[in-house]
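Chemist: pasting the sequence and the predicted model now:
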Amino acid sequence: MTFEKNGITCDTEFDYVWSEDLGFCCCGRSEATAKWMVRALKHIDKLITNRPPENEWDAHYVRWKAETVELYGGMDGACYFFWYWCDAKGFTEHGGSVPGWLTMEGRNFLAELEHVLAKEREGEE
């Protein structure tokens, strides 16, 4: 079974999103990378979406920053690269600093990525 959109045929819908929407090749560990991207996008969203009352902001930010270190393996360059990439793709709004917050385009992309990953898992069963 194949997936076709805009006159382009790919093996799966995931492959279409990965190669045509994002411009990546499908070799290597694309599915594992996409799963990590879902985590990373949700992590960006968590900073602002779950914003606590002002008097609890500092503790919230400290927890979020600790999770950032874990998510990116303590590599500042990696997290900033991803944040800059998200900003350049229009998935985040820059605000005063990266990562900012997810835009509607970023939320839609996150939902699409979750959708195609779920379809990939269904195909494995």
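Modeler: Ah, there it is.
Chemist: any regions of the protein where pLDDT drops low?
Modeler: Judged by pLDDT under 70, the chain has its weakly predicted residues at 124-125.
Chemist: same thing but at 80, please
Modeler: Residue ranges of the chain with pLDDT under 80: 1, 123-125.
Chemist: can you pull out the helices in this structure?
Modeler: Using DSSP state H, the helices of the chain run over 13-16, 30-49, 57-71, 76-89, 104-124.
Chemist: who does the shortest one touch, helix- and strand-wise?
Modeler: Under the contact definition 3 or more C-beta pairs under 8 Å, 6 or more residues apart in numbering; DSSP states H and E, helix 13-16 sits against strand 3-5, helix 30-49, helix 104-124. For glycine as for every other residue, the C-beta is placed from the backbone atoms N, C-alpha and C.
Chemist: out of the helices of the chain, which is the most enclosed?
Modeler: Comparing the helices of the chain by mean neighbour count (mean count of other C-beta atoms under 10 Å), helix 13-16 ranks first with a mean of 20.
Chemist: how about the helices of the chain in CSV, adding distance to Leu22?
Modeler: Below are these laid out as CSV (distance: least, C-beta to C-beta, whole Å):
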stretch, distance to Leu22
helix 13-16, 10
helix 30-49, 9
helix 57-71, 20
helix 76-89, 8
helix 104-124, 9
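Chemist: tabulate the helices and strands packed on helix 13-16 (TSV), appending distance to Thr92.
Modeler: Output for these, formatted as TSV (distance: least, C-beta to C-beta, whole Å):
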stretch	distance to Thr92
strand 3-5	25
helix 30-49	6
helix 104-124	6
